[in-house]
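> predicted model and sequence below, questions to follow.
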Amino acid sequence: MKMNIFFTISSLLLLSCNPKTENTQAKEDTLKVEFTLPKKLKEVSGIALSQDQKTIWAIEDAGNKNVVYAVDRTGNLIADVLVENAENNDWEDITKDNAGNLYIGDFGNNENDRRNLSILKLDLKETSQKSANVIQTTKFHYEGQNEFPPKKSNLLYDCEAFVEKEGNFYLFTKNRSKGFDGTFLVFKIPNKEGDFEAKLVAKIKLEGSYNDAAITSATINSKNQIVLLTHKNVHLVSSFFENNFTGSFIQKISLNHNSQKEAVVFLDDRSLLIADEKDKKEGGNVYRFQF
């Protein structure tokens, strides 16, 4: 029985490593600067849209405040909302569910040695709020990680990207291994209060260098298409939720633009907002990308 279970899981992961892929070049003028981010958001790590799409909720990563920033669609900072009962260990992405509930991924794990990974559900609804609270904490550890940290050739347990779908979170890890080869892992966690083992559902390989293939954010649209963001590209993923990810099709779209892009959200099914960190005189913008 154990041999059969091992064979089934191994076969699933092997199939998942080889999705159908296609490479596309975006037109040179496709990535448009929508606006410059407020000065407070120098290290943006995630963005999400309010239900009415009038507000962009933004967060920063480790070393910054436990604050969610509200920015209007022209780039004006309209609110700093303090999350009173949480620390910013390393907030790396923010997403929402179909009901508009916001979730912060406190799962940045550059050294692959953290044991306090979590996803935080907020009671944040309005820009008039001065503060917010965590009303659900989903703690987790990764299936398959037995060393903290693992060997340098297997640093696959950092994460900067997730989405919520039908009561589950899907996490897409960032490869920090020596000898980077574009491999990343996909994990599934229930959207519930508790402490869970994040279940490994796929192991996939993207083409290219670190800036091409190290995943920094994710977003999902109404057609269940997922975009995985990297510094130079977006990867449009279809059929992720069919047949346990084994039939996925990934379209790599070059943005013809290299910066520290850290955040992405679907504006509608065919357009994105993308944010990058400020680096000296470059970056610190929100861009619009049209498929």
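Looks like it came in fine. Numbering: from 1, shown residues only.
> so where do the helices sit in this protein?
For the chain, the helices defined by DSSP state H occupy 2-16, 210-213.
> least confident of those helices, on average?
Per-stretch mean pLDDT for the helices of the chain is lowest at helix 2-16 (a mean of 35).
> what sits against the residue nearest to Leu117 when sequence neighbours are not counted?
Leaving aside its chain neighbours, Leu117 sits nearest to Phe107 (4.6 Å; criterion: Cβ to Cβ, 6 or more residues apart in numbering). For the C-beta atoms, the positions are set from N, CA and C on the backbone; glycine is no exception. Applying Cβ atoms under 8 Å, 6 or more residues apart in numbering to Phe107 gives the contacts 90, 92, 114, 117-119, 159-160, 162, 171.
> mind putting these in a markdown table, distance to Glu84 included?
Below are the contacts of Phe107 laid out as a markdown table (distance: Cβ to Cβ, whole Å):
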| residue | distance to Glu84 |
| --- | --- |
| Asp90 | 19 |
| Glu92 | 20 |
| Arg114 | 23 |
| Leu117 | 21 |
| Ser118 | 16 |
| Ile119 | 18 |
| Cys159 | 25 |
| Glu160 | 25 |
| Phe162 | 23 |
| Leu171 | 26 |
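> so of the residues you listed, which ones are in strands?
118-119, 159-160, 162, 171 (DSSP state E).
> among these, which one sits closest to Gly283?
Here the nearest of the ones in strands among the contacts of Phe107 to Gly283, counting by Cβ to Cβ, is Glu160; it sits at 16.4 Å.
> for that closest one, give its distance to Tyr170.
13 Å (Cβ to Cβ, to the nearest Å).
> with Thr138 instead?
13 Å.
> now Val264
For Val264, the distance to Tyr170 equals 15 Å [Cβ to Cβ].
> now do Phe148
Distance from Phe148 to Tyr170, by Cβ to Cβ: 23 Å.
> more crowded one of these two?
Using other Cβ atoms under 10 Å, the more surrounded residue of Phe148 and Tyr170 is Tyr170, with 23 against 13.
> once you drop chain neighbours, what's closest to Ser209?
Closest to Ser209 by Cβ to Cβ, 6+ apart is Phe180, at 7.3 Å.
> tell me the contacts of the one you found?
So, once contact is read as Cβ under 8 Å, 6+ apart, Phe180 ends up touching 209-210, 213-214.
> closest to Glu60 out of those residues?
For these, the nearest to Glu60 is Ala214 (19.0 Å; Cβ to Cβ).
> starting from Phe266, give me the distance back to the closest one.
Applying Cβ to Cβ to Ala214 and Phe266 gives a distance of 21 Å.
> looking at the two, which is more packed in?
Using other Cβ under 10 Å as the criterion, Ala214 and Phe266 rank with Ala214 on top: 22 against 18.
> quick check on that one: phi, psi?
Main-chain torsions, Ala214, degrees, to the nearest 10: phi -90, psi 120.
> the longest strand along the chain pairs with which strands, and in what direction?
Counting by DSSP E, the longest strand found in the chain is strand 194-205. Strand 194-205 has the following strand partners under DSSP bridges: strand 134-142 (parallel), strand 183-190 (antiparallel).
> can you pull out the strands in the stretch 1-150 of the chain?
20-25, 32-36, 44-49, 55-60, 67-72, 77-83, 93-96, 102-106, 118-122, 131-132, 134-142 (DSSP state E, counting those that start in this stretch).
> so which of these gets nearest Phe187?
strand 134-142 (6.3 Å).
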